[in-house]
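Enquirer: sharing a model that was predicted from the sequence below.
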Amino acid sequence: MPNVPRTKPVRARSAPLAGRRRSRLRPAAVLGLGMVLVACAVAALGPGGGAAAVCLGLARKHVAADEIALAARWLARAEWWGGAGPPIALLRAAAARRQGHADMWKRQLDAAAAAGADRAALELERSLAALWAGVDRTGGEQRMTALAAAGVDPDEILAGVVNGCIAAGDWRRAAHLLDAAERLDAGDRPGADLDGLLRARVEAAAGAHGDAERRLRGLLARRPANDGARESLVEAVAALGRLDDALAVARDWVARAGDDPTALVALSRLLRRGGRDGELPAMADRLGRLADRAPFVDRERAELDLERGEPAAARQRVAPAATGGRSDRPHAGPAGSQPRWRETLAVACHLEGDPVTAAALFHDLAVSDATGAGLPSPPAPAAPPDPLYGRLCAACHGNGTEPRGTAAADLFPPARDFRTDSFRLISSPDGVPTAADVAAVIRHGIPGASMPGFADLADADVERLAEVVLALRSPDSRRPRPPAITRLPDAAELAAGDPARGRELYRSSGCATCHGAEGIHDGTVRLVDERGIPNRPRDLVHEPMKGGDDPAALAARLGCGMPGSAHPAVALEPEALADLVAWLRSIAGPRRQPTTDHERLVEATAAPINRTAPSAPAP
């Protein structure tokens with residue numbers, strides 16, 4: 001038989017057909033087919049331990065990969081097949097630990113113990129939680145050795161130590177540990193993506209939010225279901241000041257994770273920060289419909305209540321948890337042990353008109369922080385100079401013997417020290433506040449700041465408080481300054497103001513240097529006040545005016561300046577001031593919802609400091 005050379009069969013017709021068939025096999029179809037096969041395998045095992053074990057194994061893999069929403073679904077299936085039990089509760093505790101929800105972690109750990117979980121398993125989870133919280137810096141190495149000897153995944157131990165270092169504020173040690181792990185590993189193990197997430201968190205802790213964002217986006221391109229990476233990406237983008245982009249990431253996360261509480265709360269916080277008032281009621285309803293009433297969800301609902309001007313509802317929602325001593329991170333140690341439940345309750349009490357309770361809560365917070373840091377406890381506040389002042393003012397401004405009250409540490413900008421600090425909102429060119437100036441602030445508050453208005457107070461009580469405040473002033477703070485103008489424009493002059501002339505005066509008087517050519521500053525100018533506190537220029541178009549939008553109030557801010565701040569007095573004649581006021585009123589748009597104290601601090605520190613404010617030239 002002759003030798004016939006072997007040739008590859010020609011399949012001219014079948015190859016294109018096969019290509020077309022392969023093109024129809026989409027990834028979604030493959031995933032759906034895989035899910036069907038898994039479901040069939042689970043069903044074949046029947047109810048009880050086998051089916052539950054399969055679901056539990058899949059949930060465990062998703063938890064290890066920080067795919068918490070997927071893990072929750074498989075845990076729900078495991079519970080359906082085999083009922084609630086210690087393994088399910090322990091896995092839910094692990095998921096809560098990885099997301100930083102200490103209340104949920106403790107609840108699930110208690111459930112596992114009540115269901116008869118093995119003591120050793122409970123101790124392993126407690127040890128991991130201690131690593132993740134960074135509370136055991138001295139015994140950390142011994143704890144790591146014990147966990148490794150007990151068979152805990154090395155990736156889980158590494159994640160715990162790195163996150164613990166970040167929680168304790170030691171991101172340099174976290175970076176060193178990751179460097180050592182990368183040198184010992186080729187990077188092709190299943191936990192390599194976890195290293196990327198940890199590295200991004202270290203970069204964010206070091207302030208390199210741009211590097212963290214790039215790393216996290218690359219990780220999510222490979223692992224789109226990684227909830228830990230999405231949460232970190234939301235935080236990194238928001239820290240870069242790109243709120244709209246952060247909202248887009250959070251919305252995509254919610255679309256993928258469904259009713260995952262962590263994703264919903266992250267989106268809700270961004271909506272509050274961005275002043276998206278129209279979306280807040282729907283978000284509150286959605287959080288209220290969650291089947292799992294996670295404690296951190298209830299606290300976010302309380303924050304929504306505060307944002308919508310309902311402090312009584314917020315107080316009722318958080319009071320049981322706050323008075324019970326619950327905390328978002330009760331095992332997090334000195335770096336994160338402040339009970340935020342009590343902080344929310346304190347703010348609610350303050351806004352509801354109960355500063356006495358607020359002051360006590362803020363004092364407890366200060367004691368808690370000092371105790372955790374090994375510092376002596378702060379003294380209890382002294383008696384106020386007046387009972388009404390003590391009830392309404394002392395929590396923030398102090399009792400006249402200390403710089404500020406116990407609530408001041410949580411405010412930005414810090415509350416005014418009535419004894420020595422200059423008063424911003426005045427109507428006299430010589431810089432000395434009058435009783436009418438103080439009374440106006442008491443009645444109306446300061447929009448965009450933490451100072452609330454007390455519009456319901458009787459006139460006699462307002463006058464009484466104004467007298468108490470002025471009596472606290474030191475002799476030096478009462479000295480007049482050389483006035484920049486002779487007088488403020490009257491009502492007739494203000495009514496005759498010309499916006500066109502005002503626009504030219506705005507530019508020639510130096511206002512555009514800080515506030516921008518059209519009244520919207522670009523974020524490149526950051527000033528400080530007399531105390532060295534960042535004093536960001538106001539967005540004249542979108543932000544509320546601290547003294548209100550009334551023409552007379554705007555004229556006072558311009559002609560008298562804002563003593564103690566970076567805003568100087570504008571040396572113009574009354575008619576010119578009236579023109580400038582007319583232009584400012586003409587550019588005013590919808591006023592943005594005031595941000596929280598923390599967000600004001602972030603915005604105020606977003607640009608290099610110019611320690612001297614530009615002076616307004618004479619006309």
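Expert: Received it, and whenever you're ready, just let me know what you need. Residues are numbered from 1 along each chain as shown.
Enquirer: tell me, how many residues neighbour K61?
Expert: If you count neighbours by other C-beta atoms under 10 Å, K61 ends up with 13. No exception for glycine: its C-beta is placed from N, CA and C like everyone else's.
Enquirer: how close does it get to H101?
Expert: Separation of K61 from H101 (C-beta to C-beta, to the nearest Å) stands at 21 Å.
Enquirer: which residue ranges of this structure form strands?
Expert: Along the chain, counting by DSSP state E, strands occupy 526-527, 609-610.
Enquirer: rank those by pLDDT, which is bottom?
Expert: Ranked by mean pLDDT, the strands of the chain end with strand 609-610 in last place, scoring a mean of 47.
Enquirer: below-threshold pLDDT in the stretch 251-400 of the chain: ranges please.
Expert: Along the stretch 251-400 of the chain, segments meeting pLDDT under 70 span 291-293, 320-343, 350-353, 355-356, 359-384.
Enquirer: residue boundaries of the helices in it?
Expert: Counting by DSSP state H, counting those that start in this stretch, the stretch 251-400 of the chain has helices at residues 261-273, 280-288, 295-307, 311-323, 340-351, 355-372, 387-392, 394-397.
Enquirer: just say which of these is most tucked in.
Expert: Among the helices of the stretch 251-400 of the chain, helix 394-397 has the highest mean neighbour count (mean count of other C-beta atoms under 10 Å), at a mean of 27.
Enquirer: and the closest residue in space to R60 that isn't next to it in sequence, how many neighbours does it have?
Expert: In space, R60 comes closest to L91 once its chain neighbours are excluded; the distance is 6.2 Å by C-beta to C-beta, 6 or more residues apart in numbering. Per other C-beta under 10 Å, the neighbour tally for L91 reads 23.
Enquirer: closest one to A112 among the helices of the stretch 251-400 of the chain?
Expert: helix 295-307 (17.5 Å; C-beta to C-beta).
Enquirer: and the closest one, what does it pack onto?
Expert: Secondary-structure packing of helix 295-307 (3 or more C-beta pairs under 8 Å, 6 or more residues apart in numbering; DSSP states H and E): helix 102-114, helix 261-273, helix 280-288, helix 311-323, helix 340-351.
Enquirer: export those to CSV and tack on distance to C55?
Expert: Shown next, in CSV, are those (distance: least, C-beta to C-beta, whole Å):
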stretch, distance to C55
helix 102-114, 17
helix 261-273, 21
helix 280-288, 27
helix 311-323, 32
helix 340-351, 34
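Enquirer: looking at these, which is closest to R77?
Expert: helix 102-114 (17.4 Å).
Enquirer: what is that closest one packed up against?
Expert: Here helix 102-114 is seen to pack against helix 86-99, helix 119-133, helix 295-307 when contacts are counted using 3+ C-beta pairs under 8 Å, 6+ apart.
Enquirer: do that again at 6 Å, thanks
Expert: helix 86-99 (3 or more C-beta pairs under 6 Å, 6 or more residues apart in numbering; DSSP states H and E).
Enquirer: any idea of the mean pLDDT for the helix it packs on?
Expert: Mean pLDDT, computed over helix 86-99, is 90.
Enquirer: what angle do that helix and helix 119-133 make?
Expert: 10 degrees (axes from the mean of the first three to the mean of the last three C-alpha atoms, to 10 degrees).
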